[in-house]
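*Asks:* The sequence isn't on hand, but the structure is:
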């Protein structure tokens, strides 16, 4: 962990899916900036506790706690926010990151697998954003800690704009996030709420280990990435920490792609 900074000192952040991969890196980066962090997890309590311990150990200004919650369940999300408010006083930053894949050709996809992905990836992000906005409006401005009333950073994907055959449920959930995020901005920006998305490309996480651990598959993946490297979770964490800070205070209602150029469609380099 790098030397701690204090851009987010005095603030509290909830990171969903914070026990591994991108979520863990985001939680660590936010904690490194001095914020209190709620490390949400669904099943891996040990990893969440370890992440929270590491954040607390290196955080000069704040603390971190793990919290079990299924983000697709309304009552559990409401409870998570209430416990965070009770423990830390308020919530200033919400990063709904939890997400899943359940891959099928569309004609073979069971309804329950479509619904499961939508419930976690889209409805879960709606529930977290709703509770965050409720708290921002209840609490009011805190100009001593942030120029914004509150910050929401949705974790999207390059597949909010790139179609993905065999993954229609996942792509649809990420495409839906664009309109959710922009609609939140449109409605609540006048109250100084900032709502943006980060869209990772190919990131080296456990979910795609079979690709990046195989040299042949990795080389094939590079055909999709002009920068010719796979991303790492810290690439996302550093962007999230900056986007949560006042350094990005005039950025609202947009998606920041962190993808090495994948959305430039490198397959068209030589006329397609």
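*Replies:* Sure thing, it's come through. In this text, all values refer to a predicted model and were calculated from it rather than measured experimentally. Residues are numbered from 1 along each chain as shown.
*Asks:* In the stretch 51-200 of the chain, what residue spans correspond to strands?
*Replies:* 64-68, 93-95, 150-155, 193-200 (DSSP state E, counting those that start in this stretch).
*Asks:* could these be laid out in CSV, adding mean neighbour count?
*Replies:* To be clear about C-beta, it is placed using only N, CA and C from the backbone, and glycine gets the same treatment. Shown next, in CSV, are these (neighbours: other Cβ atoms under 10 Å):
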stretch, mean neighbour count
strand 64-68, 21
strand 93-95, 29
strand 150-155, 26
strand 193-200, 24
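*Asks:* could the ones you listed be laid out in a markdown table, adding distance to residue 259 and mean pLDDT?
*Replies:* Below are the strands of the stretch 51-200 of the chain laid out as a markdown table (distance: least, Cβ to Cβ, whole Å; pLDDT from 0 to 100):
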| stretch | distance to residue 259 | mean pLDDT |
| --- | --- | --- |
| strand 64-68 | 28 | 98 |
| strand 93-95 | 18 | 98 |
| strand 150-155 | 13 | 98 |
| strand 193-200 | 7 | 98 |
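*Asks:* So residue 121 sits against residue 99, correct?
*Replies:* Yes. Counting by Cβ atoms under 8 Å, residue 99 is a contact partner of residue 121 at 4.8 Å.
*Asks:* Between those two, which contacts overlap?
*Replies:* The contact sets of residue 121 and residue 99 overlap at residue 173 (Cβ atoms under 8 Å, 6 or more residues apart in numbering).
*Asks:* Any chance of a markdown table for the strands of the stretch 51-200 of the chain, columns distance to residue 76?
*Replies:* Shown next, in a markdown table, are those (distance: least, Cβ to Cβ, whole Å):
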| stretch | distance to residue 76 |
| --- | --- |
| strand 64-68 | 8 |
| strand 93-95 | 15 |
| strand 150-155 | 19 |
| strand 193-200 | 22 |
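*Asks:* Nearest to residue 6, out of those?
*Replies:* strand 93-95 (14.5 Å; Cβ to Cβ).
*Asks:* how distant is the closest one from the center of its chain?
*Replies:* From the chain centre to the centre of strand 93-95 is a distance of 8 Å (Cα atoms, centre = their mean, to the nearest Å).
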